[in-house]
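Student: Kindly generate the corresponding structure for this input.
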Amino acid sequence: MTVAAQPPVCDIAVVTFEQMWRDLEPVGRDRRTTGYVRSPFASAERECAAWYAEEAGRRGLELEYDGQGNAVAWWRPRVGVNTTSAAAGDAILVGSHLDSVDQGGAFDGPLGVVSSFAAIDRLRESGFTPTRSVGVAMFVEEEGSRFGIACLGSRLATGRIEAAEAAQLRDRDGVFLLDAMTAAGLEPQLGPSSLLADVGCFVELHVEQGRDLVDRGRAVAMASSSWAHGRWRFDFGGQPNHAGATRMEDRHDPMLTYAMTALAANKQARLTDARATFARVDVEPNITNAIPSRVRAWLDARGADAAQVDELVATVTRQAGERATRDGTRLEVTTESVVPTVDFDLALSRRLAALLEDAPLIATGAGHDAGILQLAGIPAAMIFVRNPTGISHSPDEFAQTADCLVGIEALASVIEELAS
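Tutor: Numbers count the residues shown, from 1 in each chain. All right, here's what the predicted structure looks like:
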């Protein structure tokens, strides 16, 4: 099968894609902002997980869970088909995640899951029978929106975060991870997942988070690498005092130290062609007529390689410390999560790019579950689908149906190639 520029209109994948998208689209959508709130283990995300289970059952796929929210729906070879031994680790894994950032877009994550089911429908309609197991994965808490660790589900599944460390994670309301899992109806079993035991490779389809494909005039691409990235918490302490009665020269205001730090991060990122973002801030006591006692802010830093990110964070931390000394405030910096540069499996990516009419290989500044699996030693590749807005983590995130269908055809071709 070669990927077509425009899938046939009568293709069953068109019908099932559109139906699945209609069913999933309203779940967790904020009517006021049109953004999505699918927080891990909360009601909307669990409704998405139930939708996933229904779609797996509708196709007769074998559904397996790992006790921490991750799941795989397996398309097994028919009895009597000449199969490769499952023990050899030859299973093909596709899929993505269903959670979102707060007020995020519809496509980040769900497009990969919906497209995986539609690709299986496409292959079945064509009469294809896999000789290797094909699984549609649903990883939990990819965004890190609730517990602060990006790709938490795939990190747990691959053992790239210790169970004891994960058990201590709490959300903004102080709810522990294990309690959130239990409240969602799970029986938590943190640690490496048996779901990945027989996986030989992982291919994740994802909406592009940027404009590379728009500039190239292409509908799909393969990922070459993902940038190094991490999250650092900056705690600025000061002296609370009256906003009107305290002279400017007598203040020890942590908000000023934070403000300078945010500007410094922006400048350093621009100078080094990196990325630096302060987007989450907690202030105490957070009232209009008082100087804060504490400002806590989170830095998201990214770069083409780990050394670039380390240098950026070190420079920003030094400048923040110098400003804290001048302001008479205190600074403490805590590393919350770090992911190095991930080079996706080159042989696999080139093989699949050639299959997809020489699809371009592009780097991404976003992190993904595919990157975690690659770091864990499971060969991984990614298919990106064009995003005409170039905007992501926003209600304006978008992908045209025609491009989504090209992505489905591409994923079907990939599955057929790998599972034959």
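Student: In three-state terms, label residue 19 for me.
Tutor: Using DSSP: H, G, I helix; E, B strand; the rest coil, the secondary structure recorded for residue 19 is helix.
Student: So it versus residue 114, what's the distance?
Tutor: Noted for residue 19: a distance of 10 Å to residue 114, by Cβ to Cβ, to the nearest Å. The C-beta positions use only the backbone N, C-alpha and C, and glycine is treated the same way.
Student: Of these two, which one has the most company?
Tutor: Set side by side, residue 19 and residue 114 show more neighbours around residue 114, with 30 against 13, by other Cβ atoms under 10 Å.
Student: residue contacts, that one?
Tutor: 17, 20-21, 24 (Cβ atoms under 8 Å, 6 or more residues apart in numbering).
Student: residue boundaries of the strands in the stretch 301-420 of the chain?
Tutor: 330-339, 342-343, 361-364, 380-385 (DSSP state E, counting those that start in this stretch).
Student: Could you check how far the residue found closest to residue 369 once you drop the neighbours it is linked to in the chain is from residue 179?
Tutor: The shortest distance from residue 369 to any non-neighbouring residue, by Cβ to Cβ, 6 or more residues apart in numbering, is to residue 154 (4.0 Å). Computed as Cβ to Cβ, the residue 154 to residue 179 distance reads 21 Å.
Student: go on, residue 318?
Tutor: From residue 318 to residue 179 the distance is 39 Å (Cβ to Cβ).
Student: Show me the shaky parts of the chain.
Tutor: Applying pLDDT under 70 to the chain flags residues 1-10, 79-88.
Student: Next, the residue of it positioned farthest from its centre: secondary structure please.
Tutor: Of all residues in the chain, residue 245 has its C-alpha farthest from the mean position, at 47.2 Å, by Cα atoms, centre = their mean. Following three-state DSSP, we place residue 245 in the coil state.
Student: End to end on stretch 333-347, go ahead and measure it.
Tutor: 39 Å (Cα to Cα, to the nearest Å).
Student: on that earlier part again, name the residue in residue 154 and residue 179 with the higher neighbour count.
Tutor: residue 154 (30 against 14).
Student: Correct me if wrong: the more buried one contacts residue 372.
Tutor: Yes. Checked against Cβ atoms under 8 Å, the pair residue 154 and residue 372 is within contact range at 4.1 Å.
Student: Tell me the residues that contact both of the two, please.
Tutor: residue 160.
Student: And the strands of the stretch 301-420 of the chain: which comes nearest residue 12?
Tutor: The minimum distance between residue 12 and the strands of the stretch 301-420 of the chain falls on strand 380-385, with 19.3 Å, by Cβ to Cβ.
Student: And the closest one, what does it pack against?
Tutor: If you count contacts as 3 or more Cβ pairs under 8 Å, 6 or more residues apart in numbering; DSSP states H and E, strand 380-385 packs onto strand 199-207, helix 212-216, strand 220-226, helix 346-355, strand 361-364, helix 369-375, helix 401-418.
Student: quick one: strands adjacent to it?
Tutor: strand 199-207 (parallel), strand 220-226 (antiparallel) (DSSP bridges).
Student: Select, out of these, the one closest to residue 354.
Tutor: Using Cβ to Cβ, the nearest of those to residue 354 is strand 220-226, at 9.6 Å.
Student: could you measure residue 310 against residue 298, distance?
Tutor: 17 Å.
Student: residue contacts, residue 252?
Tutor: Residue 252 neighbours (Cβ under 8 Å, 6+ apart): 238-239, 241, 291, 327-329.
Student: could you dump these to JSON lines with neighbour count and distance to residue 367?
Tutor: Shown next, in JSON lines, are the contacts of residue 252 (neighbours: other Cβ atoms under 10 Å; distance: Cβ to Cβ, whole Å):
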{"residue": "238", "neighbour count": "24", "distance to residue 367": "33"}
{"residue": "239", "neighbour count": "16", "distance to residue 367": "38"}
{"residue": "241", "neighbour count": "17", "distance to residue 367": "41"}
{"residue": "291", "neighbour count": "19", "distance to residue 367": "37"}
{"residue": "327", "neighbour count": "20", "distance to residue 367": "33"}
{"residue": "328", "neighbour count": "14", "distance to residue 367": "37"}
{"residue": "329", "neighbour count": "24", "distance to residue 367": "32"}
